[in-house]
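*Asks:* output the structure for:
(2 chains)
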Amino acid sequence: MLTKKQKRINWILVGFLLLLSLFFLFPVLWMLANSFKPDAAITADMNSIAAFVPPVPNGSFFENYITILTNTNFVRYMANTLFYAAVLILLGIVVNGLAGYALAKIRFPFREQWLLIIMMLLIVPTETVITIHFLIIAKAGLLNTVLGYILPMIVNPFNIFLFRQVFVSLPDDVYEAAQLDFCGPAKYFFTMVLPMSKTVVATVSVFTFLNVWNDYLWPSLVFTSSDLLTAQIGLNSITSNDNTTMGQTLAVITLVTIPVIIIYSLFSKQIVEGVTSTGSKEG
Amino acid sequence: MSFIEFKNICKKYPGADKNTVNDFCMNIEEKEFIAFVGPSGCGKSTTLRMVAGFEEITGGELYIDGKKVNEMAPKDRGIAMVFQNYALYPHMTVEKNIGYGLKNMKVPADEIKKKVDWAIKILGLEEYRLRKPKNLSGGQRQRVALGRAIVKNQKVFLMDEPLSNLDAKLRVSMRTEISKLHRELGATTIYVTHDQVEAMTMADRIVIMKEGIIQQIGKPMELYDHPVNQFVAGFIGSPQMNFFDVIVEENRMKFSDGKQVTLSEEVVKKLNGKQGPMIFGIRGEDIKVDAAGIEECKYEQEAIITDTEVMGNENNLYFTFGGSQAVARVSKYGVHDIGDKIVFGFLPSKMHFFDRETGENYAEIN
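*Replies:* Down below sits the predicted model:
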């Protein structure tokens, strides 16, 4: 039961946090409102509160968006990124999940040392290994191919660690019961382990999606063909084009941002649960 | 050949000094209900897990239905198992949990449905069939685990402390259900428990283990009336058998506090010439209080009651005698209070004498 004083403090805190969230929302609101305006209106509204207010819907309300979606390859870039994300989510769950399972449940020599090495990899920044990745992919003749882009992205030490932390708390007797129910190890992994660990699967999927969606450096190194480009590179090539207006630039940025916001709002609960449950034993 | 044969089975974990299970030998006949009992760490669960194939057998040979199974995968041994923590599949409904094994065995769908319906009916799970394990009580979960075991028509049932997570009342009702299932299905059953009441009430034969070694195998009443050593005598029975340090000289038994009891001819004969220091054991119900009318019993001892336990159907009277705390079980009509003096005697035919060093029961040594 909260006392009157505690309630008052709570209200003050809520008010403060609302104000703070507005502070972070301003750029997003500004981007959204101006993405529907022609450049002249954007410039005119720049120094007033109207900069945060979208125009009254009329015939040209979606013009910036229509231009981007029809005159550029942006839809293609979005589709490419969604495809890469889907493939990497699937492969990432299988490969990192299996590695996490082995580290959690299978006894083999130096298991703990392996885990330590994988955890040490967490502190290595991607940028330091990207050159090596590039050289290997180039040597394998996989530059400018989907495979060349995807291969180095599959294994992720952080995801292995997340899976391992959740799998370690799975009861062993369920595996034993499954064995007596004629369920082999592979079937057990896909039909028991993954469904029993839905939260971490959701977390890893969202992290992988965000990683692929926001990645700029690696696809910019691997891809040269415009048919294979991702949304972020597409965004860069569209916005750096002299013919692109400010309104169109804001529209394309909005389009790139929307999936991230949708995914995060849909799965934020699972992400929090997934990350927090990795440190505790599930009941 | 017996249905299950343990031939000198041993289990030694890597890095351990001694065997967890040592030289385990026994034969189990078809349709028998065998209980493995013993305190924690006695090797009973390890032995069961070796039968299941979840633990490697490091020595000896194990035969099920005439086939050596040492190297055989668990699924090929023809066994079904019920686990202590149920081990249900949390993301599957009750009916899917029960039918999962059959599905993997490629049993036709209509037959799976028939078998699952049958199991659900006999286990009284009709209204829960579409629920997931998290929405079931402990007893319901255990029934689902039983259902999963019985639908597969396996020859051997292994049960690893299946009732230990249930409350006392539910445990009694599940005990009856398991016994009934065993009678109906006739599968050979090995049941591991640390609860001697479960073993006594359910099993055809009981195996008592201590530190990986079989202490005694026998029918429940054989173990109760003729324990081969002090450990078995103390483990079976509740309250446990009373033990006193005594010195036997000819037909006199001297207690550590100087009290003496004259031994009957029958008892002296049972001792077969053994004299000197030993442990005298007698069960609470074989201490006859207040001239209970049994002729062979001499009512010549006295004690003051220090505590009582009213059990409903009987009373337990605690008193100090011969330098030890003792308990006598009397009928519910034998009402006594703390501080009351009782006169009692030991039933000669139920007196046990154990070696102080080895714990062996002198009367059971052949």
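*Asks:* verify the contact between residue B:23 and residue B:6 for me.
*Replies:* No - here residue B:23 lies out of contact with residue B:6, judged by Cβ atoms under 8 Å, at a distance of 9.6 Å. In this view, the C-beta of every residue, glycine as well, is placed from N, C-alpha and C.
*Asks:* of those two, who's got more company?
*Replies:* Using other Cβ atoms under 10 Å in any protein chain shown as the criterion, residue B:23 and residue B:6 rank with residue B:6 on top: 23 against 15.
*Asks:* which residues does whichever residue of the stretch 251-366 of chain B sits closest to chain A contact?
*Replies:* Nearest to chain A in the stretch 251-366 of chain B, going by Cβ to the nearest Cβ, is residue B:359, at a distance of 35.0 Å. In this structure, residue B:359 makes contact with B:229, B:230, B:231, B:279, judged by Cβ atoms under 8 Å, 6 or more residues apart in numbering or on different chains.
*Asks:* any stretches of the chain with poor pLDDT?
*Replies:* Just going to use chain A. Low-confidence segments of chain A, defined by pLDDT under 70: A:274-283.
*Asks:* ah, no, chain B please
*Replies:* Ranges of chain B meeting pLDDT under 70: B:291-297, B:299, B:365-366.
*Asks:* what residues does it have near chain A?
*Replies:* Applying Cβ under 8 Å from any Cβ of the partner chain, we find that chain B lies next to chain A at B:52, B:54, B:73-75, B:79-81, B:83-85, B:87-91, B:100-101, B:104-105, B:148, B:152.
*Asks:* mind checking the SS state of the closest residue to residue A:228 other than its chain neighbours?
*Replies:* Spatial nearest neighbour of residue A:228, chain neighbours left out: residue A:80 (6.2 Å); criterion: Cβ to Cβ, 6 or more residues apart in numbering or on different chains. Residue A:80 falls in the helix class when you classify it by DSSP: H, G, I helix; E, B strand; the rest coil.
*Asks:* count the neighbours of residue A:80 for me.
*Replies:* So residue A:80, with other Cβ under 10 Å, has 22 neighbours.
*Asks:* hmm, residue A:232 and it touching each other?
*Replies:* No - the criterion here is Cβ under 8 Å, and residue A:80 misses it with residue A:232 at 10.8 Å.
*Asks:* identify the residues contacting residue A:18.
*Replies:* Applying Cβ under 8 Å, 6+ apart, no residues qualify as near residue A:18.
*Asks:* pull out the buried positions in whichever strand or helix holds it.
*Replies:* Using DSSP states H and E, residue A:18 sits within helix A:4-34. The neighbour-count check on helix A:4-34 (16 or more other Cβ atoms under 10 Å in any protein chain shown) flags A:30, A:32, A:33, A:34 as buried.
*Asks:* so what's the second one closest to, chain neighbours aside?
*Replies:* For residue A:32, the nearest residue in space outside its immediate sequence neighbours is residue A:254; the separation is 6.0 Å by Cβ to Cβ, 6+ apart.
*Asks:* distance of that neighbour relative to residue B:82?
*Replies:* 58 Å (Cβ to Cβ, to the nearest Å).
*Asks:* now residue A:140
*Replies:* 53 Å.
*Asks:* same check, this time on residue B:105
*Replies:* 18 Å.
*Asks:* the residue of the stretch 151-300 of chain B found nearest chain A: neighbour count?
*Replies:* Nearest residue of the stretch 151-300 of chain B to chain A (Cβ to the nearest Cβ) works out as residue B:152 at 7.9 Å. Per other Cβ under 10 Å, the neighbour tally for residue B:152 reads 23.
*Asks:* what of residue B:249?
*Replies:* 12.
*Asks:* cool, and the one 5 residues further on?
*Replies:* Applying other Cβ under 10 Å, we find 16 residues neighbouring residue B:254.
*Asks:* test my guess that it contacts residue B:262.
*Replies:* No - contact criterion Cβ under 8 Å: residue B:254 and residue B:262 do not qualify, at 10.9 Å.
*Asks:* stretch A:95-102 vs chain B: in contact?
*Replies:* No - using Cβ under 8 Å from any Cβ, stretch A:95-102 never reaches chain B; the gap is at least 15.8 Å.
*Asks:* quick one: contacts of that stretch?
*Replies:* With Cβ under 8 Å, 6+ apart as the contact definition, stretch A:95-102 has outside contacts at A:108, A:111, A:118, A:154-156, A:159-167, A:189, A:193-194, A:201, A:204.
*Asks:* cool, stretch B:311-318 as well?
*Replies:* Against stretch B:311-318 from outside (Cβ under 8 Å, 6+ apart): B:239, B:284, B:289, B:305-309, B:325-332, B:334-336, B:342.
*Asks:* let's see it at 6 Å
*Replies:* Stretch B:311-318 has contacts (Cβ atoms under 6 Å, 6 or more residues apart in numbering or on different chains) with B:305, B:306, B:307, B:308, B:309, B:327, B:328, B:329, B:330, B:332, B:336.
*Asks:* dump the residues you listed into JSON lines; add distance to residue A:184, neighbour count and secondary structure as well.
*Replies:* Output for these, formatted as JSON lines (distance: Cβ to Cβ, whole Å; neighbours: other Cβ atoms under 10 Å in any protein chain shown; DSSP: H, G, I helix; E, B strand; the rest coil):
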{"residue": "B:305", "distance to residue A:184": "64", "neighbour count": "18", "secondary structure": "strand"}
{"residue": "B:306", "distance to residue A:184": "62", "neighbour count": "13", "secondary structure": "strand"}
{"residue": "B:307", "distance to residue A:184": "58", "neighbour count": "11", "secondary structure": "strand"}
{"residue": "B:308", "distance to residue A:184": "59", "neighbour count": "18", "secondary structure": "strand"}
{"residue": "B:309", "distance to residue A:184": "54", "neighbour count": "12", "secondary structure": "strand"}
{"residue": "B:327", "distance to residue A:184": "55", "neighbour count": "19", "secondary structure": "strand"}
{"residue": "B:328", "distance to residue A:184": "59", "neighbour count": "27", "secondary structure": "strand"}
{"residue": "B:329", "distance to residue A:184": "54", "neighbour count": "20", "secondary structure": "strand"}
{"residue": "B:330", "distance to residue A:184": "60", "neighbour count": "22", "secondary structure": "strand"}
{"residue": "B:332", "distance to residue A:184": "58", "neighbour count": "11", "secondary structure": "coil"}
{"residue": "B:336", "distance to residue A:184": "64", "neighbour count": "17", "secondary structure": "coil"}
